[in-house]
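for reference, the sequence and a predicted model appear below.
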Amino acid sequence: MTNTLIFNRNYITFALYTEPYQRADDVGYAVTEFMWFDGRPFYPVGALTDARIAYLRLSDGAFDESDEDNLDLIFQMREAGGGHFFEVVLRSNIGTSYAGWLWGQELEVLDEIASNHRVLLVDCNGSKLRYAFSEAEGRYVCESLDAKSKLSFRHAMKRLPSQ
């Protein structure tokens, strides 16, 4: 069974429906981590204004919406190059950590477990790419050779000429 994630909350809009656990300091540190890549800013600050989030439990076990300290978050960043970057933030009783990124159009959560975390499936230009959690790397990694590299997006960005 697969479940397509619905990103129905805007991260930066601190309205009444934005829960405290979604903007807690530990989450903020993970956000700061994924805003950077390869020693430089990857997203413009304005990208957070468009980020949408979904909350779920990626670690093995039942989903308990009332256990706010252990709800994992996935940020769907604004569209870039025909897809979205999905940034994964894992939360547990022992802390919060940034757990990598995925790229594609739609994200599904499988019931399949690998390294005590649910496997993720991303629709990427008509292909389904599997991402499984790697204990060794501490993040989700793509099991397909067709994975889009964040580095390829970095190299595609050109600096605007000075005026």
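Perfect, thanks for sending it. All of these numbers come straight from a predicted model, not from anything done at the bench. Numbering: from 1, shown residues only.

ok, how many other residues are close to residue 132?
Applying other C-beta atoms under 10 Å, we find 17 residues neighbouring residue 132. C-beta here means a position set from N, CA and C on the backbone, and glycine is covered the same way.

in contact with it: list those residues for me.
114, 115, 117, 119, 120, 140, 141, 143 (C-beta atoms under 8 Å, 6 or more residues apart in numbering).

which pair of those residues spans the longest distance?
Spanning the widest gap among the contacts of residue 132 are 117 and 143, at 13.4 Å by C-beta to C-beta.

kindly list the longest helix within this protein.
helix 25-34 (DSSP state H).

hmm, back to that, neighbour count winner among residue 117 and residue 143?
residue 117 (22 against 13).

next one: the more buried one from residue 141, what distance?
11 Å (C-beta to C-beta, to the nearest Å).

any common contacting residues for the two?
In contact with both residue 117 and residue 141: 132, 133, using C-beta under 8 Å, 6+ apart.

backbone dihedrals for the spatially most central residue of the chain, please?
The chain has residue 87 as the residue nearest its centroid, 1.9 Å off, counting by C-alpha atoms, centre = their mean. Note on residue 87: its backbone torsions stand at phi -100, psi 130 [degrees, to the nearest 10].

check residue 48 too.
phi -70, psi -30.

correct me, but it touches residue 31?
Yes. Because the distance of 7.2 Å satisfies C-beta atoms under 8 Å, residue 48 is recorded as touching residue 31.

is residue 122 in a bridge, and if so with what?
Counting by DSSP bridges, residue 122 forms beta bridges with residue 107, residue 129.

tell me the contacts of residue 93?
69, 70.

which of the residues in stretch 30-42 are buried?
By 16 or more other C-beta atoms under 10 Å, the buried positions in stretch 30-42 come out as 30, 31, 34, 35, 37, 42.

show the end-to-end separation of that stretch, please.
Terminal residues of stretch 30-42 are spaced 14 Å apart (C-alpha to C-alpha, to the nearest Å).

I'd like the distance from that stretch to the chain centre, please.
13 Å (C-alpha atoms, centre = their mean, to the nearest Å).

drop anything exposed from the contacts of residue 132.
So, of the contacts of residue 132, 114, 117, 119, 120, 140 end up buried under the neighbour-count rule (16+ other C-beta under 10 Å).

does the last one touch residue 102 like I think?
Yes. Using C-beta under 8 Å, residue 140 makes contact with residue 102 at a distance of 6.5 Å.

residues shared between the contacts of those two?
Common neighbours of residue 140 and residue 102 (criterion: C-beta under 8 Å, 6+ apart): 88, 120, 131.
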